[in-house]
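Chemist: below are the sequence and a predicted model for it; my questions follow.
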Amino acid sequence: MGAVTRKIPEWRDEFRPQWPSLYKEVREYELLTPLFGGGAQPREPDPVTVVRASGIKGQLRFWWRAIRGWQAEGDLQKLRELEEKYFGSVGEEGRQGPSPVVLRVIPRSKPERREAWSTRTKPTEVAPGYLSFPLQPQPGGIPSGKVTLNVKFALEIQLRPPKGLSLEDLKREVHAALWAWETFGGVGARTRRGFGAVRPRTDDSSAQRTAEQVQDQIKERLRQYIEDTQWPAGVPHLTSESPVAVVQKPWKTVAEQYQRFRQSRGSDGRGKSLWPEPETIRKLRKKPTESGKFPRGQLGLPIIFHFKDEEDEAYNSTLKPKSKEFDRLASPLIFRPIAENMTVVVVLQGSREVPGGVQLEFNKDKTSVDVEVQLDKGEAAKIRVLNGQTDVVQAAFDHLTRRHQGGKGGYRR
């Protein structure tokens, strides 16, 4: 019996479906640095999808809040409504459901997974050991964690604005978030320390410009996207006056500078720490009623303090938020490469207070002591590496962008 062919009738105009406006673009990316994690499990890459669209969507939401959240005029509820308007919600009652922004990741390479550490004390060449310490081999035969190299992908972006939102308005907000993500963000974990740094594959202009020129362009973009300085309390953000610098140094060099800042010792790099925490821990272990300052807590929590000598094991401890509602505090300091020999350093604005306070918990018996991370001028003056700064984050920024430290440094304005 032969096949029957039937002509499908055309839609009559009065019954033709009225699809929403649809915009699509495809951007090509590569990672300048290894991908740290990226899967559903901490430290682990996704076994199937190396770069996940959901992870990129989360980054775009964050960076949209960081540079466009001023539109909420300081109202947290209004900020949430605006974010849902542009990026969708979980579909709660009375709220918009499906996202107007649909992302699809298209692999463009065959990624390679490499161990970050050859032994517990020796990192491999793929990433700075100080930054990849969570991947160290652990006692009991637990091997080194792996990072992912040679990651290239295309990002397909579809915009489907709902009724009441124009395509041009949606494009403006999404393009702002994309620019911030491409400049300051990445994919996977530890992006604030430069892992998973994305770079558009069509953009090789940074290689032909100086650090000062690239920095000027970033500043100009911030002025373009940010028209106010009022954000809801507690929302990390950037303003046109935020500390931003571009340094003519590779990522690994900046990472080494950051390590020297956080582990500052005597002039020869040896001897007693210039920071007060080790002695404060010893003091609090013997007398918990004493007060204690832990200024490096301003750079993010938790912080694990490990004393090398066996007789000092009782001092091993963790600095962490006191509240049970969250177990970490992201660092406001970000540094990541934007080219092979060029790194951007930026400080997010917002409250530095830790909701509920901070505590030091001793690992051995789980006893804890309430402590503080903020310094007064007298206390800051005793910590040489701070150069009198009570703001540890700003001091770290200054340290990483100072011209005379390793090459041509950064340009501050």
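Modeler: In hand now; what should we look at?
Chemist: can we go C-alpha only for contacts and neighbour counts from here?
Modeler: Noted.
Chemist: pLDDT below threshold where in the stretch 201-350 of the chain?
Modeler: Applying pLDDT under 70 to the stretch 201-350 of the chain flags residues 203-207, 267-270, 310.
Chemist: need the helices for it, in chain order.
Modeler: With DSSP state H, counting those that start in this stretch as the criterion, the stretch 201-350 of the chain has helices at 211-225, 251-262, 277-286.
Chemist: what comes up buried for the second one?
Modeler: Applying a neighbour-count criterion of 16 or more other C-alpha atoms under 10 Å, one finds Trp251, Lys252, Thr253, Val254, Ala255, Glu256, Gln257, Tyr258, Phe261, Arg262 buried in helix 251-262.
Chemist: the second one and Pro161, how far apart?
Modeler: If I follow you right, that is Lys252. As for Lys252, its distance to Pro161 is 42 Å (criterion: C-alpha to C-alpha, to the nearest Å).
Chemist: before we move on, the earlier item: including distance to Leu135, could the buried residues of helix 251-262 go into JSON lines?
Modeler: Output for these, formatted as JSON lines (distance: C-alpha to C-alpha, whole Å):
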{"residue": "Trp251", "distance to Leu135": "19"}
{"residue": "Lys252", "distance to Leu135": "17"}
{"residue": "Thr253", "distance to Leu135": "20"}
{"residue": "Val254", "distance to Leu135": "20"}
{"residue": "Ala255", "distance to Leu135": "16"}
{"residue": "Glu256", "distance to Leu135": "18"}
{"residue": "Gln257", "distance to Leu135": "21"}
{"residue": "Tyr258", "distance to Leu135": "19"}
{"residue": "Phe261", "distance to Leu135": "22"}
{"residue": "Arg262", "distance to Leu135": "19"}
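Chemist: dump stretch 236-245 to CSV, keeping only the CA atoms.
Modeler: Below are the C-alpha coordinates for stretch 236-245, written out as CSV (Å, rounded to 0.1, in the frame of the first residue of the first chain):
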residue,chain,number,x,y,z
PRO,A,236,27.0,42.9,47.4
HIS,A,237,27.4,45.4,44.6
LEU,A,238,29.6,47.7,42.6
THR,A,239,29.4,51.4,42.1
SER,A,240,31.2,53.6,39.6
GLU,A,241,33.5,54.5,42.5
SER,A,242,34.3,51.0,43.6
PRO,A,243,37.9,49.9,44.0
VAL,A,244,38.8,48.4,40.6
ALA,A,245,42.3,48.0,39.1
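Chemist: for it, give me every contacting residue.
Modeler: 65-67, 69, 215, 219, 222-223, 226, 228-229, 231, 332, 344-351, 397, 401, 410-412 (C-alpha atoms under 8 Å, 6 or more residues apart in numbering).
Chemist: show me what contacts Tyr23?
Modeler: For Tyr23, the contact set (C-alpha under 8 Å, 6+ apart) comprises Gln158, Leu159, Arg160, Leu167.
Chemist: distance from the strand or helix carrying the first one to the middle of the chain?
Modeler: Looking back up the chat, that one is Gln158. Element membership for Gln158 (DSSP states H and E) is strand 152-159. Relative to its parent chain, strand 152-159 has a centroid offset of 21 Å by C-alpha atoms, centre = their mean, to the nearest Å.
Chemist: what packs against that strand?
Modeler: Using 3 or more C-alpha pairs under 8 Å, 6 or more residues apart in numbering; DSSP states H and E, the elements in contact with strand 152-159 are strand 23-31, strand 101-107, helix 167-184.
Chemist: any chance of the contacts of Tyr23 in CSV, plus pLDDT and neighbour count?
Modeler: Shown next, in CSV, are the contacts of Tyr23 (pLDDT from 0 to 100; neighbours: other C-alpha atoms under 10 Å):
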residue, pLDDT, neighbour count
Gln158, 96, 16
Leu159, 96, 22
Arg160, 94, 23
Leu167, 95, 17
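Chemist: make CSV from these and add distance to Ala177 to it.
Modeler: Below are the contacts of Tyr23 laid out as CSV (distance: C-alpha to C-alpha, whole Å):
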residue, distance to Ala177
Gln158, 14
Leu159, 14
Arg160, 16
Leu167, 15
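Chemist: could you list the domains of the chain?
Modeler: By the assignment in automatic domain parsing, the chain contains the domains 18-203, 251-401.
Chemist: dump those into TSV; add distance to Ser240 as well.
Modeler: What follows is these, written out as TSV (distance: least, C-alpha to C-alpha, whole Å):
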stretch	distance to Ser240
domain 18-203	9
domain 251-401	11
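Chemist: who wins for proximity to Thr210 among the ones you listed?
Modeler: Thr210 sits nearest to domain 251-401 of all these, at 8.9 Å, using C-alpha to C-alpha.
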